[in-house]
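Colleague: Predicted model follows, preceded by the sequence.
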Amino acid sequence: MSDPAPAADPTDTHREWTEPLSLRVRHLTRYHYNDIVRDSFNEARLQPFSDPTQTCVQFDLNITPHAAVRDYPDVFNNHVHYFDIIAPHQDLAVEAISLVNTHPDLRGPVPADNHPDALKNLPATEDHFSYLHSSAYVSLEVEIWRAAIDALTEDPITDLWKATLTMGAYIHSNFTYSPQLTTVNTKPTDVLRLRKGVCQDFAHLLLGMCRSRDIPARYVSGYFHNPNKTPGEIEASHAWIEVYLPGYGWKGYDPTHDRIPDTRYIKLAVGADYGDIRPLSGNFRGKGTREMIVEVHIDRV
């Protein structure tokens with residue numbers, strides 16, 4: 001089982017928010033099976049990161065039927081919570097409640113010089129090597145490489161960060177946000193053909209474009225808080241990317257909104273693509289089909 005593809009509403013002001021925020025997130029996923037199921041084995045990646053842009057102050061995971069939870073870091077250093085429900089059941093609810101303080105990046109702005117040559121001398125202990133190649137949802141077909149060439153105004157690239165912003169702006173300007181048109185399995189080449197998609201599609205496409213130009217890039221799952229939402233409005237998961245800048249580290253960029261993530265963003269998990277960061281994933285035994293409802297509420301506290 002897994003949560004659906006992220007699809008945040010891009011209708012929002014473009015200005016950057018620098019005000020520190022304290023945000024409470026309630027992410028509730030309900031499953032109902034039309035027949036008895038059992039032996040349900042699951043992983044949740046719902047605990048926010050603590051990094052230079054945010055601090056996870058509190059996290060609680062509530063599971064119904066009750067299940068013991070074991071937590072551990074995965075290969076990408078995401079927080080993973082494993083639980084299993086062996087007994088027969090027809091309903092499963094997973095509620096994650098987080099309190100996160102967001103703030104402007106403690107590292108300051110990106111340095112002016114990010115020449116690609118700096119990637120050549122990095123030690124093997126750096127974690128960017130896994131994000132230079134094809135992955136399950138991001139294959140590097142020639143069409144992706146051509147899209148990167150079309151977007152860029154210089155070749156060869158002289159600045160990793162400026163090239164990322166240029167390719168991201170190209171996606172934002174030439175593609176239309178269109179829910180219900182794509183699925184979690186939509187390929188970046190299909191997005192190129194359709195010129196439409198949601199945040200997951202634009203993130204996957206930009207990952208491919210960056211990697212095709214030898215820029216280490218990884219997928220980010222999380223939330224975008226809309227301060228102008230109506231009371232009780234249900235929000236959604238969101239997706240963007242991060243690129244690796246030698247001497248600085250991983251820096252985020254959101255192609256859906258064409259901006260650097262600010263204090264309205266909350267980062268949950270990172271990976272090579274969506275397959276590595278599914279908020280909920282698992283398997284069960286039984287013939288029943290399932291219905292799933294996901295609710296995300298983000299409130300300022």
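Modeller: Alright, I've got the coordinates.
Colleague: Report the contact partners of the residue positioned nearest the centre of the chain.
Modeller: For the chain, residue 221 is the residue whose C-alpha lies nearest the centre (CA atoms, centre = their mean; 1.8 Å). By CB atoms under 8 Å, 6 or more residues apart in numbering, the residues touching residue 221 are 6, 45, 237-239, 267-270, 274, 277, 279. Every C-beta, even on glycine, is put in place using the N, C-alpha and C of the backbone.
Colleague: hmm, 7 Å instead?
Modeller: Listed by CB atoms under 7 Å, 6 or more residues apart in numbering, the contact set of residue 221 reads 6, 237, 239, 268-269, 277, 279.
Colleague: When you filter the residues you listed down to buried only, what's left?
Modeller: By neighbour count, with 16 or more other CB atoms under 10 Å, the contacts of residue 221 hold 6, 237, 239, 268-269, 277, 279 as buried.
Colleague: ok, of the contacts of residue 221, which one's closest to residue 68?
Modeller: Nearest to residue 68 among the contacts of residue 221, counting by CB to CB, is residue 279 at 19.9 Å.
Colleague: quick check, distance from stretch 242-256 to the centre of its chain.
Modeller: Computed by CA atoms, centre = their mean, to the nearest Å, the separation of stretch 242-256 from the middle of its chain amounts to 13 Å.
Colleague: just stretch 87-105 next, same as before
Modeller: Here stretch 87-105 is found 16 Å from its chain centre; the criterion is CA atoms, centre = their mean.
Colleague: could you pull out the strands for the stretch 1-150 of the chain?
Modeller: Remark: strands assigned in the stretch 1-150 of the chain by DSSP state E, counting those that start in this stretch are 21-44, 54-64, 69-73, 79-85, 89-102.
Colleague: swap that for the stretch 151-300 of the chain, please
Modeller: Using DSSP E, counting those that start in this stretch, strands in the stretch 151-300 of the chain cover 176-177, 196-197, 217-224, 237-245, 249-253, 265-271, 280-285, 290-300.
Colleague: Out of the ones you listed, flag the one nearest residue 80.
Modeller: Closest to residue 80 of the strands of the stretch 151-300 of the chain, according to CB to CB: strand 265-271, at 8.7 Å.
Colleague: contacts for the closest one?
Modeller: Under the contact criterion CB under 7 Å, 6+ apart, strand 265-271 has outside partners 23, 25, 45-46, 48-49, 51, 54, 76, 78, 100, 102, 218-224, 242, 277.
Colleague: re earlier: okay if I get the buried ones among the contacts of residue 221 as a markdown table plus pLDDT and distance to residue 149?
Modeller: As requested, these are exported to a markdown table (pLDDT from 0 to 100; distance: CB to CB, whole Å):
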| residue | pLDDT | distance to residue 149 |
| --- | --- | --- |
| 6 | 48 | 28 |
| 237 | 93 | 32 |
| 239 | 98 | 24 |
| 268 | 98 | 33 |
| 269 | 98 | 31 |
| 277 | 97 | 29 |
| 279 | 97 | 34 |
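Colleague: Tell me the one of these nearest residue 228?
Modeller: When those are compared for distance to residue 228 (CB to CB), residue 237 wins out at 18.8 Å.
Colleague: pretty sure the closest one contacts residue 296?
Modeller: Yes. Counting by CB atoms under 7 Å, residue 237 touches residue 296, with 6.4 Å between them.
Colleague: Quickly list what's touching both of the two.
Modeller: Counting by CB under 7 Å, 6+ apart, the residues touching both residue 237 and residue 296 are residue 223.
Colleague: Residue 244: neighbouring residues, count only.
Modeller: Number of residues near residue 244 (other CB atoms under 10 Å) recorded here: 23.
Colleague: Over to residue 196?
Modeller: 16.
Colleague: likewise residue 134?
Modeller: Residues within reach of residue 134, counting by other CB under 10 Å, total 16.
Colleague: Which pLDDT value belongs to it?
Modeller: We have a pLDDT of 97 for residue 134.
Colleague: do the one 5 residues further on as well
Modeller: Among the per-residue scores, residue 139 holds a pLDDT of 93.
Colleague: What of residue 166?
Modeller: Listed pLDDT for residue 166 reads 97.
Colleague: what's the spacing between the closest residue to residue 53 other than its chain neighbours and residue 73?
Modeller: Leaving aside its sequence neighbours, residue 53 sits nearest to residue 105 (CB to CB, 6 or more residues apart in numbering; 5.2 Å). According to CB to CB, to the nearest Å, residue 105 and residue 73 sit 23 Å apart.
Colleague: Can you pick out the residue with more neighbours from the two?
Modeller: The residue with more neighbours, out of residue 105 and residue 73, is residue 105; 20 against 9, by other CB under 10 Å.
Colleague: thought that one was touching residue 51?
Modeller: No. Residue 105 lies out of contact with residue 51 (CB under 7 Å); the separation is 9.1 Å.
Colleague: Right, I'll leave it there.
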